[in-house]
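Colleague: Fold the stuff below for me.
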Amino acid sequence: MACAVVLCAVGACKKQDMYTQRVIRQWDSDPASADGSSVRPPVAGTLALQLPDAPVSPPRVITAALLARGQARFDIYCAPCHGASGNGLGMIVQRGFPQPPDLAGENLRHAPVQVFYDTITNGHGAMYSYAARVAPADRWAIAAYIRALQMSQASVLASLPATDRAALGDTP
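Modeller: Residues are numbered from 1 along each chain as shown. Reported below is the predicted structural model:
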């Protein structure tokens, strides 16, 4: 019995092959390779890791097409939390999640438009980053639409020209 214990103890002291294996670092020469290089070409069909999008400068002109694109993206990505009007009462809030800020609130109405772009890109508070979901150009479109939402909620009907009031159905 004592002999078996001694054999087990001696056998356990030997380091395993995985522990002592030779490590080849990138750019080292590898004698096992046909060309001696440790760098291997990618396997056929391998997709490169998608790098973060390059920043896109804000649009110089806000067009109806840009606002329509922003509204469509807002409805997809933002309205579930912020609500269709941006008031922070979206569907997930009605399901018990924390309420996001009102986008037409006093503090956000005076915030630079870059704040909205950066928040979509990096997230803020309970909101996670949408950088992997929303393209940079669409982030600017959403930011422009948010600004249009803010302006529409802060405007006074009487301050509009008569033709615009008539188009809205107002008959003063």
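Colleague: And for the longest helix anywhere in the chain, what's in contact with it?
Modeller: In the chain, ranked by residue count with DSSP state H as the criterion, the top helix is helix 136-154. Outside helix 136-154, the residues that touch it by Cβ atoms under 8 Å, 6 or more residues apart in numbering are 53-56, 58-59, 62, 66-67, 69-71, 73-74, 77-78, 85-86, 103-104, 108-109, 113-114, 116-117, 120-121, 130, 134. All C-beta spots, glycine's among them, are computed from the backbone N, C-alpha and C.
Colleague: List buried residues within these.
Modeller: 62, 66-67, 69-71, 73-74, 77-78, 86, 103-104, 108, 116-117, 120-121, 130, 134 (16 or more other Cβ atoms under 10 Å).
Colleague: In strands, which of the residues you listed fall?
Modeller: Per DSSP state E, strands hold no members of these.
Colleague: any weak-confidence spans in the protein?
Modeller: In the predicted model, the chain carries pLDDT under 70 at residues 1-19, 22, 26, 49-52, 170-172.
Colleague: those helices in it, which residues are they?
Modeller: Assignment of helices within the chain using DSSP H yields the ranges 2-12, 64-73, 79-82, 91-94, 106-109, 113-122, 136-154, 162-168.
Colleague: Check which helices and strands the fifth one sits against.
Modeller: Counting contacts by 3 or more Cβ pairs under 8 Å, 6 or more residues apart in numbering; DSSP states H and E, the secondary-structure elements packed against helix 106-109 are helix 136-154.
Colleague: Equivalent analysis for the third one, please.
Modeller: Where contact means 3+ Cβ pairs under 8 Å, 6+ apart, helix 79-82 is packed against helix 91-94.
Colleague: thinking again about what came up before, quick check: angle from the longest helix of the chain to helix 64-73?
Modeller: Following axes from the mean of the first three to the mean of the last three Cα atoms, to 10 degrees, one obtains 90 degrees for the angle between helix 136-154 and helix 64-73.
Colleague: ok so, going back, any idea which of the helices of the chain gets closest to residue 43?
Modeller: Go through those one by one with Cβ to Cβ and the one that ends up closest to residue 43 is helix 136-154, at 30.7 Å.
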